[in-house]
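Asker: sequence and predicted structure, then a few things I'm wondering about:
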Amino acid sequence: MSHAASGVHILPYSRVVGQDELKLALELNHLVPRIGGVLMAGSRGTAKSTLVRAFALMAQSELPVTLPINATDDRVLGGWEIDALIRGEARPQQGLLEDAAISGMLYIDEVNLLEDHLINVILDVVSTGVLSVQREGLATAKHIAFGLVGTMNPEEGGLRPQLLDRFGLMVTAERLDVDARHRLIRTVLDFEEELGKTGSDWLAAAARDDAAIRERLAQARLRVRHIPVPDTVVRLCAQAAERLESVGQRGEIVATLAARALAAREGADVVEPRHLQRVLPMALRHRRPESTFEWGVEDEDRVKDLFEEV
Amino acid sequence: MAIPPPPDAPPAAGFGAQEPDDPVLRLTRLLACAAADPALAGVLLFDLDPQLTDSVALLFAAALGGAGPLLMLGAQTRDEDLWTRARLRQAGGRVSVSTHPGPLIETDGREGPPQLVVVPDLTRLSVAGMRAAVQLLGAEVAVVEHTGLRHIARPRARWLAVCRSADAGRLSPHLLDRFALRVSMAELRGSRPQRLLTLLPSVSGAGAGHIAQASVTDGALTRVRALLGPDTGVRRELALARLARTLASLDGDGAAEERHADAAARLIGLPVAGTPDGTDPEREPPDSPGPSGADDRSEAPHDGSRVDRGATERPAGQGRPLRGPEPEEEVGSGPAAVHGTPFPEDEVSVPRDFAPLRNLWQRTMGPAATRGAVVGSRRAKDLRDLAYVATVREAAVHQRVRRTDRFTIAPVDLRSHLRAGASERLLVLLLDHTCRDDAWDWAEALTPFLQWAYTGRAAVQVIEVGGADATHELKADSFAARNVLDPRVLAALYRPAGRATPLAHGIQEAARILRAAFQQHGSALAEAWLVVVTDGRGNVPLTAGRGGRPAGHVGAAGVEDALKAAARIGAMDRTRVRAAVVDPAREPYGSLPFRLADALGATVVAGRPAPRTHESGVPDER
């Protein structure tokens, strides 16, 4: 039984103020889904959730497939439609993981508050690429793939390293300056006011801007496969990962994919070291031995000379 | 739509033109605003007299246009009570089960008054209730995927929660931040519930129906920022701006201006100066900043909008002046009214509960708890905690075989929830490393408690004070272990001693852990032991332990603070907590462990074996 979204209004993506790093990560993940998703950390009230929903509405014209923190496993894995069962019909009900495989993205709000047993289910599926359901008379096994997008407030606790590693990129929400805060609140209030109007020019302009971004991303998505990654950039990535003590090789792979996506987004013909340098913090900050997600000047300094030499 | 004046309240003009001095009037205005704007859905009242909660809830329901039955949330609230509702229907001789949106979300996407959720004590709300608040309050969309139900809609429920301001620091800021309207109602203490109920006719439907939404001027936004101060969060700014907008809307004004921002600030108890004096609070530092760093002075309008002096004037003698006596302040301005701060968690120094929004992962050895997170279903052994959806699924499999002409659920179909185990026992071990010398192995004295924890599958919380490798030597360290077999527990028993003994901080930490355990596990936690191994010679006062900075002259403050902190544990509801102090028998001050045990209400366990004596009666020298 499904209840459609009613009265849900999300601020248009093109009108979200600031948070350029978060936007960039979402767009790169959209251009190259193999990046594997985005984790957004930030203190409360930094528009993380709004941004994810606005992006999904802009890019796919629908809300993201969302896994709430208190979801039950029948809704995550799939089961039977109860009303149909009582009528004597065996009608399977698709779970969220299959929904996510169709849309390519599973959004988990407050991902650090997710129940442990659900984390285990997701880790199983994401790491094997197989959704196997053997319960309640269901016996299915399907190959599925989707990117994880999560938002979290680190004040409320951390994430298990295994789950952390499954997010391709990690970004932290920035603290807005006074002007940006003013613009943000102005925009939110204007949006709420415009919702009450019929034929709002404000909303129409925002929709046009969203469409322009969607078109720009679609063009970049077509281009990205044809953009070569020079061997020098790949080697540079390996050296940078070593210096930054990145754990495992997933970070380097993701960094290369993200650099390629960035090149496509900028309309470049080839991936350049500066593209890699730009995405390095997103790809490696959550894959280092110390569990803090900080990325500061010292980290930049550790790899600065590598990029100057090129 | 302005609220007509209540029968026994001073006559009220528009929202922008009347200062809400009367707490009852402030409360009714706030409730009307929360009813009118879904973005202001969360109302948190600090220090409300508990006997008034019901009356305030009735007022809120009336402002909403008559909400249905109130949904009361407390320590026993579970996910299953909130998100779904199983309904049995009988039609045509058949009984069927169907799953519907639960009480928290059943009014979403519907016409009519929204659900009103009442939390009489936010600090005692269960983890499921707190997580629900975080998911729904102020959210653009609520997504529920629970036992066969998918529900995606804008949340409409309004929340009324009550909390002691002294306890606010214990709660998650993430949770507190979700309540858009927060106000102290300490002034209402002593009021009779009947007085509030006389206002019912006047607030009825005050926030229901369509209200033309006012726009918000840039000046009002600047004023909001000045009122809240530069370090405030975006959500607080947005909430105050929305409140100002709603006040203007209810008052029939087309635009919310600075005066509406001032009125909104007064409504929630933020300090506001009496009149605009033309100064810019952001450029000139205040002499006496408000509780949240807010500047107390008004400023000239930023966009040339008018300023209604009548809206900001107030009778003298109410509240405390927020600024030093300067001549220009005296012209036309009385001291501002100051009610309790709406953000008490910014000021209190009570340590925050650990991960209050997370369910714990501990396990049970006894009968299955009915409060852990649902992780599956199994064949029911009794009729408690039935899993309806799983039961129907099970029954469906056998319908053809049974060859009945209607859907039949047999006893063998019944399934109950399988829940993540919640610990039924807890051992809190407070180890003072500075009381152990080379000649004493305290493990012997602790063995009975560790054995109890092992056989009882107890979760273990270890608090260490005075360790040489402490993270901060003036603070206690603590960690949670799944059970006593965790290697960290053994390592903690043999840590070298340091110099400082922040015993008071350690005992306070123990109190916090016990409180959190009983809140998160509720009635599932059957028994807890607090075992303190110390000679009682704390030498770090509590303030130094909390702040991590050494105090000046310490004297006996470390000991006295420890005794005070222990007395607070002693005053807890002690039906399920037992305490013991292991006495290391150190001299001088050998009586301190006994004094500590008295304060804790604990028994004293001799830590060292009785000294062996020579035949001469002289103790062995150790």
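Answerer: That came through, no problem. Numbering: from 1, shown residues only, chains lettered A, B, ... in the order given.
Asker: from here on, contacts and neighbour counts on C-alpha atoms
Answerer: Will do.
Asker: list the contacts of the helix or strand containing residue A:277.
Answerer: In the assignment (DSSP states H and E), residue A:277 maps to helix A:273-284. With C-alpha atoms under 8 Å, 6 or more residues apart in numbering or on different chains as the test, helix A:273-284 has contacts from A:25, A:168-171, A:233, A:236-237, A:241, A:246, A:251-252, A:254-256, A:258-260, A:262-263, A:295, A:307, A:310.
Asker: how about the helices in the stretch 51-200 of chain B?
Answerer: Assigned by DSSP state H, counting those that start in this stretch, the helices in the stretch 51-200 of chain B fall at B:53-63, B:79-82, B:127-136, B:173-176, B:193-197, B:200-203.
Asker: can you pull the buried residues of the longest helix along chain A?
Answerer: The longest helix of chain A (DSSP state H) is helix A:201-224. For helix A:201-224, a neighbour-count test (16 or more other C-alpha atoms under 10 Å in any protein chain shown) marks A:203, A:206, A:207, A:209, A:210, A:213, A:214, A:217, A:220, A:221, A:223, A:224 as buried.
Asker: out of the residues you listed, who's nearest residue B:44?
Answerer: residue A:203 (33.4 Å; C-alpha to C-alpha).
Asker: which residues does the nearest residue to that closest one once chain neighbours are set aside contact?
Answerer: For residue A:203, ignoring the flanking residues on the chain, the nearest one in space by C-alpha to C-alpha, 6 or more residues apart in numbering or on different chains is residue A:194 at 7.0 Å. Contacts for residue A:194 (C-alpha under 8 Å, 6+ apart) come out as A:200, A:202, A:203.
Asker: what angle sits between the following helix or strand past the helix holding residue A:277 and helix A:273-284?
Answerer: For helix A:273-284, the following helix or strand on the C-terminal side (DSSP H and E) is helix A:297-309. Put simply, helix A:297-309 runs at 150 degrees to helix A:273-284, going by axes from the mean of the first three to the mean of the last three C-alpha atoms, to 10 degrees.
Asker: rewinding a little: near chain B, from the contacts of helix A:273-284?
Answerer: The subset of those within reach of chain B, by C-alpha under 8 Å from any C-alpha of the partner chain, is empty.
Asker: ChimeraX command to pick out the buried ones of these?
Answerer: Here is the ChimeraX command that selects the buried residues among the contacts of helix A:273-284 (16+ other C-alpha under 10 Å):
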select /A:25,168,169,170,171,233,236,237,241,246,251,252,254,255,256,258,259,260,262,263
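Asker: which bits of the stretch 1-150 of chain B sit near chain A?
Answerer: Along the stretch 1-150 of chain B, the residues adjacent to chain A under the rule C-alpha under 8 Å from any C-alpha are B:79, B:96-98, B:108-109, B:140-141, B:143-150.
Asker: mind picking the two most distant members of these?
Answerer: Top of the distance list for those (C-alpha to C-alpha): B:96 and B:140, 34.2 Å.
Asker: how distant is the helix or strand where residue B:452 lies from the center of its chain?
Answerer: Assigned by DSSP H and E, residue B:452 belongs to helix B:443-455. Distance of helix B:443-455 from its chain centroid, counting by C-alpha atoms, centre = their mean, to the nearest Å, is 34 Å.
Asker: next one: stretch A:79-92
Answerer: Computed by C-alpha atoms, centre = their mean, the chain-centroid distance of stretch A:79-92 equals 34 Å.
Asker: give the rounded mean pLDDT of that stretch.
Answerer: The average pLDDT for stretch A:79-92 rounds to 79.
Asker: got a list of contacts for it?
Answerer: A:1, A:78, A:93-95, A:136, A:138, B:96-98, B:148, B:389, B:392-393, B:396, B:399, B:407.
Asker: now which of the residues you listed would you call buried?
Answerer: For the contacts of stretch A:79-92, buried by 16+ other C-alpha under 10 Å: A:78, A:93-95, B:96-98, B:148, B:389, B:392-393, B:396, B:399, B:407.
Asker: from those, which land in helices?
Answerer: Of the buried ones among the contacts of stretch A:79-92, the ones assigned to helices by DSSP H are B:389, B:392, B:393, B:396, B:399.
Asker: so how far is residue B:599 from residue B:432?
Answerer: Distance from residue B:432 to residue B:599, counting by C-alpha to C-alpha, to the nearest Å: 17 Å.
Asker: for the residue of the stretch 201-310 of chain A at minimum distance from chain B, give me its contacts.
Answerer: Per C-alpha to the nearest C-alpha, residue A:202 is where the stretch 201-310 of chain A lies closest to chain B, at 14.2 Å. The neighbours of residue A:202, taking C-alpha under 8 Å, 6+ apart as the test, are residue A:194.
Asker: rewinding a little: need the pLDDT of the residue nearest to residue A:203.
Answerer: On the pLDDT scale, residue A:194 gets 93.
Asker: for it, pull up the helix or strand it's in.
Answerer: According to DSSP H and E, residue A:194 maps onto helix A:178-195.
Asker: list the buried ones in that helix?
Answerer: For helix A:178-195, by 16+ other C-alpha under 10 Å, it's A:181-189, A:191-194.
Asker: look at residue A:20 and say how many residues are nearby.
Answerer: Using other C-alpha atoms under 10 Å in any protein chain shown, residue A:20 has 12 neighbouring residues.
Asker: revised request: answer the last question for residue B:455.
Answerer: The tally of other residues near residue B:455 (other C-alpha under 10 Å) stands at 10.
Asker: same thing with residue A:31?
Answerer: Counted by other C-alpha under 10 Å, the residues lying close to residue A:31 total 26.
Asker: tell me who's in contact with the residue nearest to it when sequence neighbours are not counted.
Answerer: Take residue A:31 and drop its neighbours on the chain: the residue closest to it by C-alpha to C-alpha, 6+ apart is residue A:221, 5.0 Å away. Applying C-alpha under 8 Å, 6+ apart to residue A:221 gives the contacts A:31, A:32, A:264.
Asker: pLDDT below threshold where in chain A?
Answerer: A:1-6, A:290-292, A:309-310 (pLDDT under 70).
Asker: domain-wise, how is it divided?
Answerer: A:13-172, A:231-309 (automatic domain parsing).
Asker: quick one: closest of these to residue B:514.
Answerer: Comparing the domains of chain A by C-alpha to C-alpha, domain A:13-172 comes nearest, at 19.2 Å.
Asker: centre of the chain to the closest one, how far?
Answerer: On C-alpha atoms, centre = their mean, the centre of domain A:13-172 falls 9 Å from the chain's centre.
Asker: and that domain, end to end?
Answerer: Terminal residues of domain A:13-172 lie 18 Å apart, using C-alpha to C-alpha.
Asker: next one: stretch B:491-511
Answerer: Using C-alpha to C-alpha, the end-to-end distance of stretch B:491-511 comes out at 23 Å.
Asker: then stretch B:569-576?
Answerer: 12 Å.
Asker: give me the pLDDT for whichever residue of the stretch 401-550 of chain B sits closest to chain A.
Answerer: The minimum distance from the stretch 401-550 of chain B to chain A, using C-alpha to the nearest C-alpha, falls at residue B:407 (6.3 Å). For residue B:407, the pLDDT comes out at 80.
Asker: what's the closest non-adjacent residue to it?
Answerer: residue A:86 (6.3 Å).
Asker: distance of the nearest residue to residue A:100 once chain neighbours are set aside relative to chain B?
Answerer: Excluding the flanking residues, the one nearest residue A:100 by C-alpha to C-alpha, 6+ apart is residue A:106, at 5.0 Å. To chain B, residue A:106 is 13 Å away according to C-alpha to the nearest C-alpha, to the nearest Å.
Asker: having no further points to raise, I will conclude here.
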